[in-house]
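Participant: Okay, structure incoming, though there's no sequence with it:
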């Protein structure tokens, strides 16, 4: 009997496959790294065939690791990074490399649409401020620079929808991803000719497939996909979800009182609302995986990837020695544990890959002195990333009450010292759920609901999500962190003229 759910998580650099029991137990996880292509500055692409083959390898590996066969899998769900553009022809073959979510080739259209009033005009319909890797600027770029690519294309996808197409042969697109792309009417949840006309993209509506929900069956594993992956033919495949929605499901986001944050590659902070919040000061409002809710998101590329860079460039390459069996991030935690908030006045601006203060703001370490050590710098990185999350959360709290607690996901959630800093900076309890793969777990919840194992996504959350630990804030730390956070903001203000 098929008793297990398979969740696929297509990230920007790693593709993961995870198998879960229907009670949420994580049986096995396998990952496959994929190569990023950078043909020129600001262009980020990947080979679509390589993305598919990485999914194939991950599926085979996780089945083997779990000691299961394809017949043991009841349903499949997929999540992935949002935005970017994945184009295939009528035969399902790629017509161009996948354009990734970090791509900025189309940034010029954002300035143009701000200046001519287009952005202001469409905002009440799309409920989000456009960025360069969303569909309107990317399609406009291809229209003006490589029209032959769009002429050959039959269907446009997001990465998870492309993988679902490869598994099932069915051409659908799922709502949560689509509603974060700047191309549809978010309050009404539909394609809208007014949006396409405003962007000059009406001719390309033919590329947009039928819209499906996260928990709908969107096809079944084909014999060809069975031969490739080892999955059994006929297994249902769910619509799946945008990675921020999948994380929300895996963190138990099922009503308006809750708030969660994901400290991973991106600094994502979110809650759900029964009505769309229309405010140009917010990063994004999109449709949530659970019917009747909108996902209100504040985010930027200012989170744990900053620590990853420091570790890679300034620690691992210099031969840092860790204890036997200790990974480098456990070593970092140990270093930070031997410091305190009062030990250092270093301010880290975690803006290596983006910022949340506008303009050309870049990363910096401010206040370095000769007596500081690597431990102090690591603490400043941990704190700076938390301060960036606090910046976003304060914007969210303008539209809702302070939550009783915050559920946290992402790599930083595995660090006890880091979650303590989060709790102390925010002065809100932090809860950590069981398991390591929130994206894949959210996808698995969609899979179980589509297959009828759970009557609803809410029931899937109830069955699959389990609390691991809770971190209470230390009120005695509030004053020192408030002072350091205010200094963090003052440094940003002071550097604005330099960045200009």
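Facilitator: Alright, I've got the coordinates. Note that the coordinates shown come from a computational prediction; the quantities given were computed from them, not determined experimentally.

Participant: Span of stretch 113-123 from start to end?
Facilitator: One end of stretch 113-123 sits 11 Å from the other (Cα to Cα, to the nearest Å).

Participant: Tell me the buried residues in that stretch?
Facilitator: For stretch 113-123, a neighbour-count test (16 or more other Cβ atoms under 10 Å) marks 113, 118-119, 122-123 as buried. Quick note: C-beta positions are derived from backbone N, CA and C, even for glycine.

Participant: now, which of the residues you listed sits nearest residue 226?
Facilitator: residue 122 (42.9 Å; Cβ to Cβ).

Participant: Now do the strands in the stretch 401-500 of the chain.
Facilitator: 406-409, 430-433, 467-471 (DSSP state E, counting those that start in this stretch).

Participant: now these in a markdown table, with mean pLDDT, mean neighbour count and distance to residue 190?
Facilitator: Output for the strands of the stretch 401-500 of the chain, formatted as a markdown table (pLDDT from 0 to 100; neighbours: other Cβ atoms under 10 Å; distance: least, Cβ to Cβ, whole Å):
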| stretch | mean pLDDT | mean neighbour count | distance to residue 190 |
| --- | --- | --- | --- |
| strand 406-409 | 96 | 25 | 30 |
| strand 430-433 | 96 | 21 | 34 |
| strand 467-471 | 96 | 14 | 37 |
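
Participant: Put together JSON lines for the ones you listed, with distance to residue 248 on each row.
Facilitator: Shown next, in JSON lines, are the strands of the stretch 401-500 of the chain (distance: least, Cβ to Cβ, whole Å):
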{"stretch": "strand 406-409", "distance to residue 248": "9"}
{"stretch": "strand 430-433", "distance to residue 248": "12"}
{"stretch": "strand 467-471", "distance to residue 248": "16"}
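
Participant: Specify the stretch among these that is closest to residue 453.
Facilitator: Taking those one by one with Cβ to Cβ, strand 430-433 is closest: 19.7 Å.

Participant: what about that closest one, distance to the chain center?
Facilitator: Centre-to-centre, strand 430-433 and its host chain are 18 Å apart (Cα atoms, centre = their mean, to the nearest Å).

Participant: if we look at that strand, which residues are touching it?
Facilitator: 250-252, 405-409, 413, 419, 422-423, 465-471 (Cβ atoms under 8 Å, 6 or more residues apart in numbering).

Participant: My read is that residue 453 contacts residue 74, right?
Facilitator: Yes - with contacts counted by Cβ atoms under 8 Å, residue 453 reaches residue 74, the gap being 6.4 Å.

Participant: what residues are shared contacts of the two?
Facilitator: Common contact partners of residue 453 and residue 74 (Cβ under 8 Å, 6+ apart): 5, 22.

Participant: What ranges does the stretch 201-350 of the chain have for its strands?
Facilitator: Under DSSP E, counting those that start in this stretch, the stretch 201-350 of the chain gives strands at 210-212, 217-220, 236-238, 241-242, 260-263, 267-273, 284-287, 294-300, 347-349.

Participant: Make JSON lines out of those and add distance to residue 374, mean pLDDT and mean neighbour count.
Facilitator: Formatted as JSON lines, those follow (distance: least, Cβ to Cβ, whole Å; pLDDT from 0 to 100; neighbours: other Cβ atoms under 10 Å):
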{"stretch": "strand 210-212", "distance to residue 374": "49", "mean pLDDT": "98", "mean neighbour count": "16"}
{"stretch": "strand 217-220", "distance to residue 374": "49", "mean pLDDT": "98", "mean neighbour count": "21"}
{"stretch": "strand 236-238", "distance to residue 374": "45", "mean pLDDT": "98", "mean neighbour count": "26"}
{"stretch": "strand 241-242", "distance to residue 374": "37", "mean pLDDT": "98", "mean neighbour count": "32"}
{"stretch": "strand 260-263", "distance to residue 374": "21", "mean pLDDT": "95", "mean neighbour count": "28"}
{"stretch": "strand 267-273", "distance to residue 374": "23", "mean pLDDT": "97", "mean neighbour count": "25"}
{"stretch": "strand 284-287", "distance to residue 374": "36", "mean pLDDT": "96", "mean neighbour count": "26"}
{"stretch": "strand 294-300", "distance to residue 374": "26", "mean pLDDT": "96", "mean neighbour count": "23"}
{"stretch": "strand 347-349", "distance to residue 374": "13", "mean pLDDT": "98", "mean neighbour count": "24"}
